[in-house]
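Enquirer: Fold the following.
(chains A and B)
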Amino acid sequence: MSGTSTHPDTRAERRSTAAGADAPGPAPRPAWIRRLGDAALELRAFIALAVIIVTFAALSDTYLTSSNLITMTRHVAINAILALGMLLVILTGGIDLSVGSIVGLSGIVAGVLLQGWQINSFDVVLYPQVWAVIVISLAVGMLVGALNGLLISRFRLAPFIATLGMLYVARGIALLISNGATFPRLEGSPELGNTGFGFLGSGRILGIPTSIWIMVLLAALATVLIRRMPFGRWLYSVGGNERAAELSGVPIRRVKLWVYMLSGFCAAMVGLIIASELTSAAPQTGETFELNAIAAVVIGGASLAGGRGTVRGALVGAFVIGFLSDGLVMVGVSTFWQIVIKGAVIIFAVLLDQGQQRLKRSSAATAATSRAPAPPSTASHPRETPH
Amino acid sequence: MTRAPVAPVVMRAREVTKAYGGVHALKGVDFSVRAGAVTALFGENGAGKSTLMKILAGVETPSNGAVELDGEPVAFRSAADAVAHGVAIIHQELNLCPNLSVTDNVFLGRERTGWGGLLSARGQRRTTAALLARLEEPIDPDTLVGDLRLGQQQIVEIARAISLDTRVLIMDEPTSALSASEVEVLFRVIHDLTGNGVAIVYISHHLEEALEIADDVAVLRDGALVAAGRADEVDLGWIVANMVGRNPDDLYPRLTAPAGEPLLEIEGVSVVDPTNPARLAVDDLSLTVRAGEVVCLYGLMGAGRTELLEALAGRSPMRAGTVRVGGHDVTSTSIAERIALGLVLVPEDRQRDGLVQTMSVGDNLSLAAIGRLLAGPFIAGRREGDAIARTISSVTVKAAGPAAAITSLSGGNQQKVVLGKALLTEPRVLLLDEPTRGIDVGAKADIFALMAEQARQGVAVLFATSELGEALNAATRVLVMYRGRAVQVLDPATTSKEELMAASGEAEPPAPANGAIA
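Expert: Numbering: from 1, shown residues only, chains lettered A, B, ... in the order given. Below you'll find the model as predicted:
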């Protein structure tokens, strides 16, 4: 379910030396049935996606064309990249409401740098190279994330509060820098040597848009991080039981700091992609994006309480939202109905998920109670002690 | 059972059996309570006292047998149903809302309403004030419960139970946080209640105290009622002998390892009580544990055992003192650094501090040692799988496999996972806090065998317990703690249960009873 069990399912059932102390419970269900059940859980979001695709393919001739699929996936990539960062945060039991504002801020930072950074005291205008622009913008995103992380890990602010505050602060700074205006024409000029920014949003590699490649790359990195590195275990343990994680030596503060920095990085990346696509940067870009990202993660089966969720789930969640929205536009559903339907899908998906989780839990619980004394201080000597 | 009923029996458990799966917590227990009398129920941890009380109070239903009230069989649907029948319980753990006032807590769930469904706040407040006056506790009824110290919270809990107008009142460790003078007041209130015909069931680890207030006594052992009688016909020795039984020793392994070099050196450690900053939970304690030793920290609830172990593990700060592990000063290091140096704690509450419930058995086992199972920056999957499989077999966890959900395991097996997680870090100093709490006897024996095995391999083991048998049989040395201080070091081979009880203040306090409360 959590996707963290990378080790093989070695059957290590052994009889305890205290035979009979723990009476054997009902035989556990065969592994393949359990695995099938888990797969069905994972599949649920895939099935929703398939239903969406089939439905709209029937309603619209152009829905299932490769060019439309690529266009839709480009839209999806924006939300999916945000959702990857959001997933890391949510796995620790946190939430990051500031990502939409970081999207706007990083675009504005890129805009300022590409249009020329006036340093008045020296009376010069700096035109950094495109790679430097990208690095600086991403660093700004990570810096905002680091502030979130410090407020949460060091000053023990609730993640909701800290990132809600940062939502306003980052947006305000974006407006301050740009004075509320849009930076147009970010193509750069050859004589300044800062062309090529458009590649992020409009370029293609092997016929596939760059932003989709970035999504795939980041998803692969996130998967490796979560499944193959200690940091991934730490994420799940902090979200599952912070006290137990702490006593196990997990560096809780560092983990929390890093997830918000990585979320800030992903948001800044999205800001760059959008600015590049539009070849302009507006300070309002990214408003309410945080809600779409949270929705994707949640549709993908993650628990807002932390400790549960997968990269695959978050990606599929982003696809569900994106393919649904675009499909509704294509078949001509009114904008207002689109919003209603999107909300209904989120609620329905999570309801379904909770029902399945309850089912799983209750079957696990009956297995546990039928095997042993559940509450403490009720266990007893099974031996007969004649008196 | 020999019993000459003086007053009529109000409540009776008849042939009550409670099974959790294959484990019987209660085996055909007959237990009766007389009106206007205090019945003290004795038994070691895990003897089934709490289970029996939960059945009487409607929290649990018996697997077999019946509960009778006034001779009529009753089947309580819930604790609230039991209260409606006049049976109430004061739980060992406090069930109060810290964010509400004393009055609100006393009336929680049965608020008095007046005209138009509005709360009659004044009436509730008056009643509460009267209850508190009766308990001679000058608490403002408007105080938030969270602002009260633990003993006062316990008084509020008692006030709530008294206000229910019950006929049978069960008190499970009502005095664990009370001062001596508060205990006196409580006893007066209990006499008041019994004078009005209320039947009281009284459970306490302070055997003398319980014997003092009791009219009738009953002793549970291993889920069976082994003895019952009139309080004035029995003494402490009789109670202890019945509680312990005859042959509890076969649970414990031989401890043969010779003591080696000192691995854990504690000097003058003091820890502030987190619930009451004016008080020290651990007061100037020193102790050295050598390789191969198994040292027991024995003491009553509130003696400071958990606070000491958590400070040693790095979870909570120390006010004073130094801690060295294998010669390294770890006083100001993080938990992770202490684990790296070989100091690891198996915590008391496995659900709260030991396990990550959302992770699998295998992931829980490797969590603390994951930093050592790497190939470059990545987790070495094969090596991790091997280490997990090895641990599962060495600590004899019964699970469907490493991928099984941790919540699917029994309490004893979960505890073995917590211990296995600690052992996977290859500790030199192993701290265990109540390692056998709430687990069955087979798992207990396994855990003690593992502790002895670690000692044989040269690990210094320090464990805390409140069970006499464990203190005297599973350790090479016993350090007795009383109100945060180390009062005595005893050799379990030459110490009797009575001596150990006396040293810990269980039988007769060695110091002024409330001297430590600042």
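Enquirer: Quick one: list the elements packing against the worst-scoring helix or strand of chain B on mean pLDDT.
Expert: Least confident element among the helices and strands of chain B, by mean pLDDT, DSSP states H and E: helix B:236-244 (a mean of 79). In this structure, helix B:236-244 makes packing contacts with strand B:38-42, helix B:207-213, strand B:216-221, strand B:224-230, helix B:497-504, judged by 3 or more Cβ pairs under 8 Å, 6 or more residues apart in numbering or on different chains; DSSP states H and E. Yep, even glycine has a C-beta here, placed from its N, CA and C like the rest.
Enquirer: Could you list every helix and strand in contact with the second one?
Expert: This points to helix B:207-213. Applying 3+ Cβ pairs under 8 Å, 6+ apart, one finds that helix B:207-213 contacts strand B:38-42, helix B:180-195, strand B:199-203, helix B:236-244.
Enquirer: Quickly note the distance from B:Ile162 to chain A.
Expert: Distance, B:Ile162 to chain A, by Cβ to the nearest Cβ, to the nearest Å: 25 Å.
Enquirer: Kindly apply the preceding question to B:Gly484 instead.
Expert: 22 Å.
Enquirer: How much space separates that residue from B:Arg305?
Expert: Distance of B:Gly484 to B:Arg305, computed by Cβ to Cβ, to the nearest Å: 10 Å.
Enquirer: now the helices and strands packed on helix B:207-213 as TSV including distance to A:Gly307?
Expert: Shown next, in TSV, are the helices and strands packed on helix B:207-213 (distance: least, Cβ to Cβ, whole Å):
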stretch	distance to A:Gly307
strand B:38-42	40
helix B:180-195	42
strand B:199-203	37
helix B:236-244	42
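Enquirer: looking at the ones you listed, which has the lowest confidence?
Expert: Across these, helix B:236-244 has the smallest mean pLDDT, namely a mean of 79.
Enquirer: Tell me where the stretch 251-387 of chain A has helices.
Expert: For the stretch 251-387 of chain A, the helices defined by DSSP state H, counting those that start in this stretch cover A:252-278, A:289-299, A:311-330, A:335-369.
Enquirer: What about the residue in the stretch 351-500 of chain B that chain A sits nearest to, how many residues nearby?
Expert: Across the stretch 351-500 of chain B, no residue is closer to chain A than B:Gly442, which sits at 1.9 Å (Cβ to the nearest Cβ). By the criterion of other Cβ atoms under 10 Å in any protein chain shown, B:Gly442 has 24 neighbours.
Enquirer: try B:Pro98
Expert: Using other Cβ under 10 Å: B:Pro98 sits among 12 other residues.
Enquirer: so which helix or strand takes in the residue of the stretch 351-500 of chain B closest to chain A?
Expert: helix B:441-456 (DSSP states H and E).
Enquirer: Report the mean confidence score over that helix.
Expert: Here helix B:441-456 scores 86 as its mean pLDDT.
Enquirer: The next helix or strand after it - contacts with which helices or strands?
Expert: Downstream of helix B:441-456, the first helix or strand assigned by DSSP H and E is strand B:460-465. Packing partners of strand B:460-465 (3+ Cβ pairs under 8 Å, 6+ apart): strand B:262-272, strand B:280-290, strand B:294-298, helix B:305-313, strand B:429-433, helix B:441-456.
Enquirer: now these in CSV, with distance to A:Ala158?
Expert: Shown next, in CSV, are the helices and strands packed on strand B:460-465 (distance: least, Cβ to Cβ, whole Å):
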stretch, distance to A:Ala158
strand B:262-272, 26
strand B:280-290, 29
strand B:294-298, 37
helix B:305-313, 25
strand B:429-433, 30
helix B:441-456, 38
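Enquirer: Can you flag the weakest of those by average pLDDT?
Expert: helix B:441-456 (a mean of 86).
Enquirer: residue in the stretch 51-200 of chain A nearest to chain B?
Expert: Counting by Cβ to the nearest Cβ, the stretch 51-200 of chain A gets nearest to chain B through A:Leu91 (9.8 Å).
Enquirer: which helices and strands sit right next to the helix holding B:Gly442?
Expert: Other helices and strands packing on helix B:441-456, by 3+ Cβ pairs under 8 Å, 6+ apart, are strand B:294-298, helix B:411-423, strand B:429-433, strand B:460-465.
Enquirer: That helix: how far from the chain's middle?
Expert: Chain-centre distance of helix B:441-456: 20 Å, with Cα atoms, centre = their mean, to the nearest Å.
Enquirer: Start from the N-terminal end of chain A and give the strands.
Expert: Using DSSP state E, the strands of chain A run over A:117-119, A:124-126, A:204-205, A:208-209.
Enquirer: what about the last one, average pLDDT?
Expert: Spelled out, it's strand A:208-209. Average pLDDT, strand A:208-209: 92.
Enquirer: Can you tell me how far the most centrally placed residue in chain B is from B:Glu498?
Expert: With distances taken as Cα atoms, centre = their mean, B:Met301 lies nearest the centre of chain B, 6.9 Å away. B:Met301 is 20 Å from B:Glu498, where distance means Cβ to Cβ.
Enquirer: B:Ala486 is in what secondary structure piece?
Expert: Assigned by DSSP H and E, B:Ala486 belongs to strand B:485-490.
Enquirer: Could you list the buried residues of that strand?
Expert: B:485-488, B:490 (16 or more other Cβ atoms under 10 Å in any protein chain shown).
Enquirer: next one: stretch B:57-75
Expert: So stretch B:57-75, judged by 16+ other Cβ under 10 Å, has buried residues B:57-60, B:62, B:65, B:67, B:69.
Enquirer: Show the low-confidence segments of the stretch 251-387 of chain A, by residue range.
Expert: Residue ranges of the stretch 251-387 of chain A with pLDDT under 70: A:353-387.
Enquirer: so how many other residues sit close to residue 212?
Expert: Just so you know, I chose chain A. 17.
Enquirer: My question was about chain B, not that one.
Expert: 13.
Enquirer: now do A:Gln338
Expert: A:Gln338 has 16 nearby residues by other Cβ under 10 Å.
Enquirer: A:Ser325 is in contact with that one, correct?
Expert: Yes - A:Gln338 lies in contact with A:Ser325 (Cβ atoms under 8 Å); the separation is 6.4 Å.
Enquirer: CSV for the helices and strands packed on helix B:236-244, including distance to B:Asn99?
Expert: Listed next are the helices and strands packed on helix B:236-244 as CSV, based on distance: least, Cβ to Cβ, whole Å:
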stretch, distance to B:Asn99
strand B:38-42, 33
helix B:207-213, 32
strand B:216-221, 37
strand B:224-230, 41
helix B:497-504, 35
